[in-house]
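Enquirer: make a model of this:
(2 chains)
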Protein chains: 2
Amino acid sequence: MTNKTIDLLLNHRSIRSFTDQKLTEEQVDTLVQAAQHASTSNFFQQYTIIDVTNPEKKKRLAEIGNQAYIAEAARLFIMVADMQRNATIAREKGQPDTVYRSADFFLRAFSDTVIAAQNIVVAAESMGLGAVYLGSVLNDAQAVIDLLRLPELTFPVFGLAIGYRNQSPQLKPRLPKEAVYHQNSYQPIEDPLDALQAYDKTVNQYYDLRDANRRVDTFTNQIAKAASSVQSENRKQMLNTLKQQGFLQY
Amino acid sequence: MTNKTIDLLLNHRSIRSFTDQKLTEEQVDTLVQAAQHASTSNFFQQYTIIDVTNPEKKKRLAEIGNQAYIAEAARLFIMVADMQRNATIAREKGQPDTVYRSADFFLRAFSDTVIAAQNIVVAAESMGLGAVYLGSVLNDAQAVIDLLRLPELTFPVFGLAIGYRNQSPQLKPRLPKEAVYHQNSYQPIEDPLDALQAYDKTVNQYYDLRDANRRVDTFTNQIAKAASSVQSENRKQMLNTLKQQGFLQY
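Expert: Residues are numbered from 1 along each chain as shown, chains lettered A, B, ... in the order given. Just a heads-up that it's a prediction; the model follows:
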């Protein structure tokens, strides 16, 4: 069961090193169109794409994300969950904007934004470009909000760095299908260290091949390390930041 | 700027009517593989796909979603944000699971789930199948949690109905590019009823052409109606349901 699109999806690698080659405006336009043609909840289109072209702002976002390649990518999009636009419309029509402040609607806007983002990634890769999601911009969500002047009822979900590839990473081995695919009801993973022993070995070999200088690790060790690491104060504040932006009021 | 994949993305329609034709196991396997090869936050793969094949459960989900076609689709996936698997791994490794209860990590799991879902939709459409997101299963999140036995630190993000198309809907007109695409900083929509006048007219014509019997409406009217509608008690409880599942503790 394959075709060009499936072949593309199954060969996705995140690209973190880019050449100097720019994207054409036509390419950028196609990426935005791909985003716009994705599904949105109730067709409410509750997201906004901020295309950061200003070199100073790119540099600042690279600092926030603590990854130099953020500023080096030909294109840097910040994907914004956006209830502000529709709340403005509702108020102009004399309606309350209460519902946009609910967890229910926050999840809708968040979904719209992520679905649109994945269409951008797929479209970019189909053009021969490379891309990477930048969850790291949430190292300081408030700083991103200030930098891009994001008003109430908006939130930066993540960034996307896009450009011509300057690396050819190996395909990362995924969890065994049975870990993520269940039929009819959730099947809790029992004795995960045993169940994932073979996968841990595969991941270990992958890192070993990828970079001899890099600490070689297993999947379960990475998960344990994330759990034992100290979460930064800014990341601990995420819920408060969301509430300050007007979301999750109930 | 086009190719087969972009052509596919730009021609997406949600399909809500399916023929009786089943999917092969190979097709389902390819859809799951497409999901698994999507990007995930830190490669933590924080989602689970529940493939609902039991007719009684499909019927119950159709009742919850209040849409008969949910039970009629050849395949029904419930996409689950899943911190449970990795929290179990962390505990087995003697680490606390505190971080998985933060808003920060909830957003990561939610993103992983939505990105994986969009790969399923794109893969399905590339095979000639139709698909639709089912946000409607969140009409009663707790009922879905009970039905699929979703444990703590999991949450049903939405459903996906997939099957062979039994309808050919028109392409829905999207917001003008300038409404959703900004450069370098957010540009609040000023006087939206004026700015979206032409778009309102286009949407109105679209509905008129789609179904002569259906109430013809504009985009801004739909937004206003959503704002003035009474949100159901279950949807008002979404934040509490998320917290009961162990998420958004801080």
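Enquirer: do any residues in the lengthiest strand in chain A lie close to chain B?
Expert: Using DSSP state E to define each element, chain A has its longest strand at strand A:154-163. Yes - using CB under 8 Å from any CB of the partner chain, strand A:154-163 comes into contact with chain B via A:154, A:157-158. Placement of C-beta: from N, CA and C, glycine included.
Enquirer: please, where are all the strands along chain A?
Expert: Under DSSP E, chain A gives strands at A:47-51, A:75-82, A:130-134, A:154-163, A:181-183.
Enquirer: still on that earlier bit, could I get the residues of strand A:154-163 next to chain B as a markdown table with neighbour count, pLDDT and distance to A:A73?
Expert: Output for the residues of strand A:154-163 next to chain B, formatted as a markdown table (neighbours: other CB atoms under 10 Å in any protein chain shown; pLDDT from 0 to 100; distance: CB to CB, whole Å):
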| residue | neighbour count | pLDDT | distance to A:A73 |
| --- | --- | --- | --- |
| A:T154 | 28 | 98 | 22 |
| A:V157 | 29 | 98 | 17 |
| A:F158 | 25 | 98 | 14 |
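Enquirer: which one of these is nearest to B:D194?
Expert: A:T154 (21.5 Å; CB to CB).
Enquirer: correct me, but that closest one touches A:A81?
Expert: Yes - applying CB atoms under 8 Å as the test, A:T154 and A:A81 come out as touching, 6.6 Å apart.
Enquirer: so what does the lowest-mean-pLDDT helix or strand in chain A touch, helix or strand wise?
Expert: Between all helices and strands in chain A, the lowest mean by mean pLDDT, DSSP states H and E belongs to helix A:197-210, at a mean of 88. When contacts are defined as 3 or more CB pairs under 8 Å, 6 or more residues apart in numbering or on different chains; DSSP states H and E, helix A:197-210 packs onto helix A:219-228.
Enquirer: pull the distance from the helix it packs on to the chain's centre.
Expert: Averaged C-alpha coordinates place helix A:219-228 at 20 Å from its chain's average position (CA atoms, centre = their mean, to the nearest Å).
Enquirer: mind listing what's buried along it?
Expert: Buried positions in helix A:219-228, judged by neighbour count with 16 or more other CB atoms under 10 Å in any protein chain shown: A:219-224, A:226-227.
Enquirer: need the longest helix for chain A.
Expert: helix A:103-126 (DSSP state H).
Enquirer: how far does that one sit from the chain's center?
Expert: On CA atoms, centre = their mean, the centre of helix A:103-126 falls 9 Å from that of its chain.
Enquirer: please apply the same query to stretch A:83-97.
Expert: In terms of CA atoms, centre = their mean, the centre of stretch A:83-97 is set 27 Å apart from its chain centre.
Enquirer: hmm, back to that, so which of the strands of chain A gets nearest B:Q170?
Expert: The minimum distance between B:Q170 and the strands of chain A falls on strand A:47-51, with 22.7 Å, by CB to CB.
Enquirer: hang on, the earlier thing: could you dump the least confident helix or strand of chain A to CSV, C-alpha only?
Expert: Provided in CSV are the C-alpha atoms of helix A:197-210 (Å, rounded to 0.1, in the frame of the first residue of the first chain):
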residue,chain,number,x,y,z
GLN,A,197,13.3,-4.0,25.6
ALA,A,198,13.8,-4.7,21.9
TYR,A,199,12.7,-1.1,21.1
ASP,A,200,15.2,0.3,23.6
LYS,A,201,18.0,-1.6,21.9
THR,A,202,16.9,-0.4,18.4
VAL,A,203,16.9,3.3,19.6
ASN,A,204,20.2,2.8,21.3
GLN,A,205,21.7,1.6,18.0
TYR,A,206,20.1,4.4,16.1
TYR,A,207,21.8,7.1,18.3
ASP,A,208,25.1,5.2,18.2
LEU,A,209,25.0,5.3,14.4
ARG,A,210,23.8,8.9,14.2
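Enquirer: how big is the angle separating it from helix A:219-228?
Expert: Helix A:197-210 runs at 90 degrees relative to helix A:219-228, counting by axes from the mean of the first three to the mean of the last three CA atoms, to 10 degrees.
Enquirer: list the buried residues of helix A:197-210.
Expert: Buried residues in helix A:197-210, counting neighbours by 16+ other CB under 10 Å, are found at A:199-200, A:202-204, A:206-207.
Enquirer: tell me the domain boundaries of chain A?
Expert: Domains of chain A are assigned by automatic domain parsing as A:4-169, A:177-227.
Enquirer: of the ones you listed, flag the one that's most buried.
Expert: Most buried of the domains of chain A, by mean neighbour count (mean count of other CB atoms under 10 Å in any protein chain shown): domain A:4-169, with a mean of 21.
Enquirer: roughly how far does the nearest residue to A:G94 once chain neighbours are set aside sit from B:L248?
Expert: Leaving out its chain neighbours, the residue that sits closest to A:G94 by CB to CB, 6 or more residues apart in numbering or on different chains is B:A224, at 7.7 Å. Separation of B:A224 from B:L248 (CB to CB, to the nearest Å): 29 Å.
Enquirer: ok, now A:N166?
Expert: Distance from A:N166 to B:L248, by CB to CB: 39 Å.
Enquirer: and for A:R108?
Expert: For A:R108, the distance to B:L248 - CB to CB - is 16 Å.
Enquirer: which residues does the residue nearest to A:N204 when sequence neighbours are not counted contact?
Expert: Excluding the flanking residues, the one nearest A:N204 by CB to CB, 6+ apart is A:T218, at 5.1 Å. Neighbour list for A:T218: A:200-201, A:203-204 [criterion: CB atoms under 8 Å, 6 or more residues apart in numbering or on different chains].
Enquirer: the same query, at a cut-off of 10 Å, please.
Expert: Neighbouring residues of A:T218 by CB atoms under 10 Å, 6 or more residues apart in numbering or on different chains: A:193, A:196-197, A:199-205, A:207, A:224.
Enquirer: I'd assumed A:F247 was in contact with A:A81.
Expert: Yes - under the criterion of CB atoms under 10 Å, A:A81 makes contact with A:F247 at 8.1 Å.
Enquirer: and chain B, is stretch A:243-250 touching that?
Expert: Yes - using CB under 10 Å from any CB of the partner chain, stretch A:243-250 reaches chain B at A:243, A:247-250.
Enquirer: give me the buried subset of the residues you listed.
Expert: A:247-248.
Enquirer: including pLDDT, could the residues of stretch A:243-250 next to chain B go into CSV?
Expert: Formatted as CSV, the residues of stretch A:243-250 next to chain B follow (pLDDT from 0 to 100):
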residue, pLDDT
A:K243, 98
A:F247, 98
A:L248, 98
A:Q249, 98
A:Y250, 97
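Enquirer: would you quantify the distance from the residue in chain A sticking out farthest from the centre to B:L175?
Expert: Distance from the centre of chain A peaks at A:G94, with 34.9 Å (CA atoms, centre = their mean). A:G94 sits 21 Å away from B:L175, going by CB to CB.
Enquirer: next: A:S136.
Expert: As judged by CB to CB, A:S136 and B:L175 stand 29 Å apart.
Enquirer: and A:D20, what is it in contact with?
Expert: A:D20 makes contact with A:72, A:74, A:163-164, A:166, according to CB under 10 Å, 6+ apart.
Enquirer: pLDDT below threshold where in chain A?
Expert: Along chain A, the model assigns pLDDT under 70 to residues A:210-215.
Enquirer: surely A:A74 meets A:L129?
Expert: Yes - taking contacts as CB under 10 Å, A:A74 lies within contact range of A:L129: 8.1 Å.
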